[in-house]
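1. Sequence and predicted structure are below.
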Amino acid sequence: MKLERHAKIREIIETGNIETQEDLANALRAEKIEVTQATVSRDIKALHLEKVASKKGSKYFYPESAVADKEKYLRI
């Protein structure tokens, strides 16, 4: 279950604009994966996701993506 959830989180992060833990939880629920905020928080930590800011707001990224896009985003 955890591995499947992590795989789905990776997919959501790569294809969607996830600004908050609530956005991620709602996206998972839309995929029929029931989660709590605490679970999402632990998953974000386990997956080493980073939240970066841009002129349009903030978004979760994998560290590699944040480094690749460092010209466009600032870490928060």
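-> Arrived safely.
2. And the strands in this protein?
-> Remark: strands assigned in the chain by DSSP state E are 50-54, 57-61, 74-75.
3. so of those strands, which one's packed in deepest?
-> strand 57-61 (a mean of 18; mean count of other C-beta atoms under 10 Å). Bear in mind the C-beta positions are built from the backbone N, C-alpha and C, glycine included.
4. I'd like to know which elements that one is packed against.
-> strand 50-54 (3 or more C-beta pairs under 8 Å, 6 or more residues apart in numbering; DSSP states H and E).
5. Neighbouring strands - and their directions - for the strand it packs on?
-> strand 57-61 (antiparallel), strand 74-75 (antiparallel) (DSSP bridges).
6. out of those strands, which comes closest to residue 26?
-> strand 57-61 (13.4 Å; C-beta to C-beta).
7. Kindly format the C-alpha coordinates of the closest one as CSV.
-> What follows is strand 57-61, C-alpha atoms only, in CSV (Å, rounded to 0.1, in the frame of the first residue of the first chain):
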residue,chain,number,x,y,z
GLY,A,57,2.9,30.6,-6.0
SER,A,58,4.6,27.5,-4.7
LYS,A,59,4.8,23.9,-5.8
TYR,A,60,6.2,20.5,-4.6
PHE,A,61,9.2,19.2,-6.5
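8. can you tell me which helix in this protein is longest?
-> With secondary structure taken from DSSP state H, the chain has its longest helix at helix 2-15.
9. so who does residue 23 touch?
-> Residues near residue 23 by C-beta atoms under 8 Å, 6 or more residues apart in numbering: residue 16.
10. Name the helix or strand of this protein that has the lowest mean pLDDT.
-> strand 74-75 (a mean of 52; mean pLDDT, DSSP states H and E).
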